[in-house]
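>>> no sequence for this one, just the structure:
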């Protein structure tokens, strides 16, 4: 049984480092012959995931990103060694309250990631968070 190809990144928590992740994702997607649309969705989801890890994990070290290339799908894991979070406490903001206020237009990251990817799973505790995102090569009828 042959080992599935993978790419592993270790990103310091610095401004614009999420762009390294998206450039890598674009190269991997091209290798897999994914459509431009799917490639764009992966990049947008990955930007959100990286920004969440950088801003909310309170990690003092790096963020790790693993790309697992399979025949029918791309699996991306974004791993931080931060404080973790309880997904049930994450509230999706009401758009009406954000539109007509000076309140920061933030808070849709997790919802956006779920919309852009075919599968999204979080594992989180006091030692950090692992976000697993899957983009299938072929469209699924769900």
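Cool, the structure landed. These numbers come from a predicted model, not from an experiment.

>>> after the helix or strand bottoming out on mean pLDDT in the chain comes which helix or strand?
One helix or strand of the chain scores below all others by mean pLDDT, DSSP states H and E: helix 95-99, with a mean of 54. Using DSSP states H and E, the helix or strand that follows helix 95-99 in sequence is helix 109-116.

>>> if we look at the very next helix or strand once past that following helix, which residues are touching it?
Beyond helix 109-116 on the C-terminal side, the first helix or strand identified by DSSP H and E is strand 119-125. Applying Cβ atoms under 8 Å, 6 or more residues apart in numbering, the contact partners of strand 119-125 are 84-87, 110, 113-114, 129-134. Any C-beta I mention is one placed from the backbone N, CA and C, and that applies to glycine too.

>>> How about stretch 40-56?
Contacts for stretch 40-56 (Cβ under 8 Å, 6+ apart): 11, 13, 17-18, 21-22, 25-26, 29, 34, 59, 63, 65, 74, 76, 78, 80, 82, 85, 109-110, 112-113, 116-117, 129, 131, 133, 135.

>>> List the buried residues for it?
41-50, 52-54, 56 (16 or more other Cβ atoms under 10 Å).

>>> how about the nearest residue to residue 28, chain neighbours excluded?
residue 67 (5.1 Å; Cβ to Cβ, 6 or more residues apart in numbering).

>>> Against residue 5, how distant is the one you found?
9 Å (Cβ to Cβ, to the nearest Å).

>>> More neighbours: the two, which one.
Neighbour count, other Cβ atoms under 10 Å: between residue 67 and residue 5, residue 67 has more, with 23 against 12.

>>> So that one belongs to a helix, correct?
No. Using DSSP: H, G, I helix; E, B strand; the rest coil, the assignment for residue 67 is strand, not a helix.

>>> That one touches residue 26, doesn't it?
No. Taking contacts as Cβ atoms under 8 Å, residue 67 lies outside contact range of residue 26: 11.1 Å.

>>> quick one: the helix or strand where residue 52 lies to strand 119-125, angle?
Assigned by DSSP H and E, residue 52 belongs to helix 36-56. Using axes from the mean of the first three to the mean of the last three Cα atoms, to 10 degrees, the direction of helix 36-56 lies 10 degrees away from that of strand 119-125.

>>> Next, the angle from helix 36-56 to helix 109-116.
Using the same axes, to 10 degrees, helix 36-56 lies at 160 degrees relative to helix 109-116.
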